[in-house]
Every structure is written in structure tokens, then in C-alpha cells.
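Asks: Task: produce atomic coordinates for the following.
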Amino acid sequence: MKFLGSSKKLYFSLAILLTSALALALRSQTPASALKGSNDLTRIRINGRQILLNGQPFVCRGVDYSPTPIGGDPNFPPNGDYFTNNYSSIWQRDLPRLREMGVNCLRIYGLSTTADHSAFLNAAWNGGNKPIYVLLSSYIEAGAVISKKATWMDNYRDLARNHKRFPAVLGYVVGNELNNERDRANPQFWKALDSIAQKVKIEDPDSVITTGLVDDGMRAIALGDKYMDNLNTWGVDIYRGKSFGSTFSEYKSASNKPLLILELGFPASQHPNNAPNVAVELPNNAQSVADYLENLWNEFLQNNAATNPNNVASGIFLFEWTDEWWKSGTPNVQNATAKPNAAFPGGWNDEEWYGINGISPGNPNVLQPRATFFRFKQLWSATTLRKRLTPVPSKRLTPAPRKRLSY
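Replies: Numbers count the residues shown, from 1 in each chain. Predicted structure coming up:
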């Protein structure tokens, strides 16, 4: 559910160009002594519907990570890129808590293709001790995949080229929610998207290469799968309610590639007396959101490809780490959204209330963990996972070692 207001797209594009130019200038001044390599290994292969990490089926216990602080807006600098040293207080606040929760993968949306993210990525890798892997992405304008293809190709080439050396990098998400009804029926759209994915594959061929689609009952995947030779995994943002319903059977009919649920979540809000413009937190620290998500996790476990290679799914990403106050009205105030949705625990789709954590003013903002944090800390604990998620080693493919140097 990431989106940019149409009135802000021009500012966003100009800011991206300026940020990239500045990053290149700063990068050229980086002393050689700062580029110190190591021998950390991250070996990634796709085997049928499984994602293999160091030869073993891997399940993403993911979180969508876009920690925009109160008053911030990703439509303006730093355009959602809170992963440089300038914002280290944010990710240094979050990474220990993400590990505590049992998270092993993050999806990042707004990343400058050329800025220096080495400190963040090395902190996520953590010397290989409880590493948190990362799926990287750069902005692609919906509706302009074909007309601006050359720009997106260059951006994703640079994204992969400048980040592939880090062992924390699991792969790349080529755009988000680009499959509008017009484009999904156009073969040229899929060919353009595949050309962007090809740039990633040339630079980092052994990574996860996916895209995040709107859930349209897998119609887009059924139409686009035959064109996407350079995409090795499909990703879908799913908001169907307490159950996945027919998600997995629909996907199985559409593609033979691994599936990642790249967004999965609910607002932690309710509207007293159904007042459209007044939102408050659901009772008991939004416990009903945790209940819904636990049910979805249990359904995922029954359909995960790690324990049964005939299944389709290789991971879920909870949407999302913190509330986003910028999405409706002023970014200094947490607003309600007048969008009813009976499939959600509180009955409303409040865009600013999806956080696993609420936030309050501070430098950095102070996290207020909700029930989902504590529930998944238990569900994703090593003890629970050993009981419920024991991967079956693949007998079909033994990957060659892949060396990634962390600088």
C-alpha cells in the first residue's frame, strides 16, 4: 500500500536526481581505507518454488521497513532513504528490536541507488550472527514503466551494482504495485519490466529478483509470467482479511516460481461510533490485529515450500514496522482515513495506523510496541520454529559457493 501523491511526483523525481548526484560526489571522496573487505558468504539459488540460502530452503520472516519519522514525508528528501549514516539513530534503534522479534528479512522501499548504505547493511548482517537479510528497491512510477524504461533500467543497474557485495542483500524488488488494469494486459509492459529485472540479473545473478504486485486474484501473474524470464520470484501485497482464502491455489495455477507475500497487515485502529474522521487504537494494544496475523501465519505454514517443495510460498512480510503519519493530511499529526473495510479488525483502512509499533515524538521517535510485536516474538522464536518449520533439504541442487564482500 505504498503510494505517492500525484501532486508530489515531480518533486520526488527531482529530489532523486539531486540525491544521486550528491551521493556520487561524496562517494568519490571516500578514502580507500574505508573499503575494507571480508569473506562473508551469502549463497542464494532458486530451486523450483524454493529459495535456497547456503543450500537450505529459506523462509522469509519479514517486515516491511519504511521508518519515516513524525513530520517526515518520503515524497521529499531523503525520499524514504533512512538507511545512511545521517539517520543511523533510527536503524540503530530498530535492528536490535527486529532481531528480538525473530525477523530475518526486511523489505525496503525508497533507496537511493548510489548513496552509501554500508553501515546499515553491515549492521543488518551483524557479522553473520542472527543476520537480517534485506530486499532492496528503488522507486518506479506507476503507469510509466514503458515510457521511462531506460531510466528505471539505469537505476536498478546501479542499485544492484552498488549493493551486491553486501552479504545482507538477499535480493531486489523491481517496483511496487505497478500492475494496473491497463498495463497488466499489455505485453509491452511485462517486457519492459523484465528488461529492468534483466539489469539486476546481469549485476547480481544469484539474488532474489521479484516485484510487488497488487493482489488481483493472480490475474497479473497469469498474464505476465511467460514474459518475465529474469524475474525468479513473484511478490504480492495481500489484504484479504483474516484468511488467505484461495490465494495459494490461485498462485499455483499462475506460476511455478516461488511466492513471497510482500505486504500483509491491518490497521491497529478503530473508529468510535463509526465516526469517519476519528481513529483510536484497538483494545488491548491492538490484540485483534495480532490474532488475525497469527491466523495468517498458521495458514502460511501449511502452504510453505520449505517443508514441502510442492507448496508455493517462501515468506511473508508484515506491513509494517512503524506507523506512517505522512499518508493522510499533515505528517505531524496521526490522522484517520475515511475508508471502511469490513475485512479488517477495526472495520476501517486507516493508512497511518499499520505499524507493529506506534510512534511518539522523540529523537529518534519512541517506539510503542503493539500486541503483534510480542505475539510474533513468540511465534518466530527459535524454539517455536523448530517445532513448526523444519526445512526439508533440497536433493535436486547443490549451489556453488558465492562470495560476497562486505565493505
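
Asks: you'd agree residue 106 is up against residue 136?
Replies: No: at 9.4 Å, residue 106 does not count as touching residue 136 under the criterion of Cβ atoms under 8 Å. Quick note: C-beta positions are derived from backbone N, CA and C, even for glycine.

Asks: And these two? Which one has more around it.
Replies: More crowded of residue 106 and residue 136, by other Cβ atoms under 10 Å: residue 136, with 29 against 26.

Asks: give me phi/psi at that one?
Replies: phi -100, psi 150 (degrees, to the nearest 10).

Asks: Contact partners for it?
Replies: 108, 111, 159, 163, 169, 171, 172, 173 (Cβ atoms under 8 Å, 6 or more residues apart in numbering).

Asks: If you tally nearby residues, what's the number for the fourth one?
Replies: Yep, that's residue 163 we're talking about. Using other Cβ under 10 Å, residue 163 has 22 neighbouring residues.

Asks: Correct me if wrong: it contacts residue 121.
Replies: Yes: using Cβ under 8 Å, residue 163 makes contact with residue 121 at a distance of 7.1 Å.

Asks: Need the overlap of contacts for those two.
Replies: Listed as contacting both residue 163 and residue 121 by Cβ under 8 Å, 6+ apart are residue 169.

Asks: what bits of the chain have low per-residue confidence?
Replies: Within the chain, the segments meeting pLDDT under 70 span 1-41, 390-407.

Asks: Now do the residue sitting nearest the centre point of the chain against residue 263, distance only.
Replies: Computing the C-alpha centroid of the chain and ranking residues by Cα atoms, centre = their mean puts residue 107 first, at 2.3 Å. Taking Cβ to Cβ, to the nearest Å as the measure, residue 107 falls 8 Å from residue 263.

Asks: quick one: common contacting residues for the two?
Replies: 64, 212, 317.

Asks: which residues does the closest residue to the first one other than its chain neighbours contact?
Replies: Going back to what we said before, that points to residue 64. Closest residue in space to residue 64, ignoring its immediate chain neighbours: residue 320 at 3.9 Å, by Cβ to Cβ, 6 or more residues apart in numbering. Neighbour list for residue 320: 63, 64, 65, 66, 263, 265, 354, 355, 356 [criterion: Cβ under 8 Å, 6+ apart].

Asks: now, which of those sits nearest residue 117?
Replies: residue 65 (12.7 Å; Cβ to Cβ).

Asks: Could you tell me how far the closest one is located from residue 244?
Replies: Applying Cβ to Cβ, the value for residue 65 to residue 244 is 23 Å.

Asks: Of these two, which one has the most company?
Replies: residue 65 (25 against 22).

Asks: Report whether the expected contact of that one with residue 321 is present.
Replies: Yes: counting by Cβ under 8 Å, residue 65 touches residue 321, with 5.1 Å between them.

Asks: Can you check which residues contact both of the two?
Replies: By Cβ under 8 Å, 6+ apart, the residues touching both residue 65 and residue 321 are 94, 98.

Asks: Just grab the bridge partners of residue 316 for me.
Replies: On DSSP bridges, the residues paired with residue 316 through beta bridges are residue 61, residue 261.

Asks: Next, the contact list for the closest residue to residue 247 other than its chain neighbours, please.
Replies: Nearest residue to residue 247, sequence neighbours excluded (Cβ to Cβ, 6+ apart): residue 238, at 6.3 Å. Neighbour list for residue 238: 215, 244, 247, 261, 263, 264 [criterion: Cβ under 8 Å, 6+ apart].

Asks: Could you do residue 83 as well?
Replies: Residue 83 neighbours (Cβ under 8 Å, 6+ apart): 91, 108, 111, 115, 117, 120, 121.

Asks: Look up phi and psi at the fifth one.
Replies: Which is residue 117. Dihedral angles for residue 117 - degrees, to the nearest 10 - are phi -110, psi 20.

Asks: For the residue nearest to it when sequence neighbours are not counted, give its distance to residue 115.
Replies: Excluding its sequence neighbours, the residue lying closest to residue 117 (Cβ to Cβ, 6+ apart) is residue 83, at 4.9 Å. Separation of residue 83 from residue 115 (Cβ to Cβ): 8 Å.

Asks: Residue 101 against residue 375, yeah?
Replies: No: judged on Cβ under 8 Å, residue 101 makes no contact with residue 375 at a distance of 9.6 Å.

Asks: Can you give me the end-to-end span of stretch 145-153?
Replies: End-to-end distance for stretch 145-153: 10 Å, by Cα to Cα, to the nearest Å.

Asks: in that stretch, what's buried?
Replies: 145, 149, 151, 152, 153 (16 or more other Cβ atoms under 10 Å).

Asks: swap in stretch 344-361?
Replies: Buried residues in stretch 344-361 (16+ other Cβ under 10 Å): 344-346, 348-359.

Asks: Next: stretch 275-286.
Replies: Within stretch 275-286, the residues scored as buried using 16+ other Cβ under 10 Å are 279, 281, 282, 285, 286.

Asks: Among those, which are located in strands?
Replies: residue 281 (DSSP state E).

Asks: just the buried residues of stretch 275-286 now: which is nearest residue 365?
Replies: The closest of these to residue 365 turns out to be residue 281 (Cβ to Cβ; 16.2 Å).

Asks: Leaving out chain neighbours, which residue sits closest to the closest one?
Replies: residue 268 (5.7 Å).

Asks: Among the contacts of residue 83, which pair sits farthest apart?
Replies: 91 and 115 (13.6 Å).

Asks: And the strands in the stretch 301-407 of the chain?
Replies: For the stretch 301-407 of the chain, the strands defined by DSSP state E, counting those that start in this stretch occupy 313-318, 357-360, 366-369.
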